[in-house]
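**Student:** Test case, fold it:
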Amino acid sequence: MNFLDDAQVRNTINWQEAVAALRNGHLLPRAQLHDVLIGPPQAMLLNRTARIEGLGYGVKVESVFNENASKGLPNTHGAVLAYSPDNGILRGVIDSHVITDFKTATDSVLGASLLARPESKHLVIIGAGRVAKNLSQAYSALFPQLEKISIWARQIEQATKLVDELKRLGLPIHVASDLPATLATADIVSSATMATQPIILGEWIRSGTHVDLIGAFTPDMREADDELIARANLYVDNLETTQHVGEITIPMKAGAIPSDHVMGDLYDLVKIDRPYSKPNHDITVFKNGGGAHLDLMIADCVLKKMGQ
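**Tutor:** All right, here's what the predicted structure looks like:
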């Protein structure tokens with residue numbers, strides 16, 4: 001059994017194939033999910049497991065050691081294991097970083113393909129890390145009509161570095177210095193930060209915009225304020241994996257939104273015969289929460305293309 005690394009996976013699938021894998025995976029029965037987290041906050045082991053009828057079983061195991069950065073080491077190390085649905089045989093072991101790269105960006109792009117206006121031309125990405133780089137490439141691949149990508153980050157030098165790197169790939173990408181002014185002309189906003197306080201205010205978002213929220217994954221994290229969440233038609237990638245994130249629970253506890261404000265998830269959206277059609281005055285928000293079922297869908301795609 002070979003361990004598949006970053007280069008092998010990136011040479012095997014492209015962004016369009018990864019989005020198709022998630023779309024097709026959500027046409028199957030809903031996944032069974034279970035997560036286990038052990039260890040102290042600075043040195044944890046996270047096990048995320050999923051079973052999808054027709055695809056089998058998937059396990060992502062990652063260690064998270066927050067002090068590794070000071071030692072010149074990555075904070076996370078891990079692998080995704082995929083098991084056959086027919087006989088439980090281990091089909092493959094894949095580096096978790098590259099699976100996470102593909103699943104995170106394609107989760108958001110699939111949501112946007114179903115919720116954003118097809119004629120969207122200006123994408124604004126908030127954040128300038130690894131996720132932002134993947135988002136730039138994935139959105140460009142699935143939204144070829146984009147005419148401009150703006151990158152905003154709290155540290156403008158990080159945004160400049162990312163923009164310089166991506167310009168070499170031929171992307172129409174620019175650094176944004178004024179976030180409110182940039183958002184005023186956005187068609188799609190994709191945010192990937194570690195914010196615990198809102199950095200996207202509802203008053204900055206014009207009618208017809210689609211907002212993609214990635215960063216928040218704990219009860220005390222959020223990227224959007226109450227006004228934006230309350231104004232928007234709100235969807236999530238998975239009702240189970242997003243029910244405890246601050247993006248939803250904080251405005252709910254404050255009384256800004258009712259308990260049934262979430263309109264559905266990807267399992268609901270992909271069953272629609274055509275992309276979601278909205279009036280130009282509607283704002284849509286998609287909360288990307290992740291989950292082992294998405295890792296399994298991407299891993300299955302990779303292994304099938306490799307004949308495993």
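**Student:** Please list all residues in contact with the nearest residue to Gly129 once chain neighbours are set aside.
**Tutor:** With sequence-adjacent residues excluded and distances taken as CB to CB, 6 or more residues apart in numbering, Gly129 is closest to Ala192, at 6.9 Å. Heads up, the C-betas are built off the backbone N, CA and C, glycines and all. Contacts of Ala192 were listed using CB atoms under 8 Å, 6 or more residues apart in numbering, and they are Ile125, Ile126, Gly127, Gly129, Val131, Ala132, Leu135, Ile214, Gly215.
**Student:** Looks like the third one contacts Gly215 (just checking).
**Tutor:** If I follow you right, that is Gly127. Yes. Between Gly127 and Gly215 there is a contact at 7.2 Å, judged by CB atoms under 8 Å.
**Student:** residues shared between the contacts of these two?
**Tutor:** Ser191, Ala192, Thr193.
**Student:** Asn2: which of these is nearest?
**Tutor:** When those are compared for distance to Asn2 (CB to CB), Ala192 wins out at 31.0 Å.
**Student:** Need the pLDDT of the closest one.
**Tutor:** For Ala192, the pLDDT comes out at 96.
**Student:** cool, Lys271 as well?
**Tutor:** Note for Lys271: predicted pLDDT of 89.
**Student:** For it, the count of nearby residues, please.
**Tutor:** 10 (other CB atoms under 10 Å).
**Student:** three-state assignment of the spatially closest residue to it that is not a sequence neighbour?
**Tutor:** Among residues not flanking Lys271 along the chain, Leu27 sits closest, at 7.3 Å (CB to CB, 6+ apart). Following DSSP: H, G, I helix; E, B strand; the rest coil, the label given to Leu27 is coil.
**Student:** Any idea how many residues pack against Leu27?
**Tutor:** By other CB under 10 Å, the residues close to Leu27 number 10.
**Student:** ok, now His261?
**Tutor:** Counted with other CB under 10 Å, the neighbours of His261 add up to 15.
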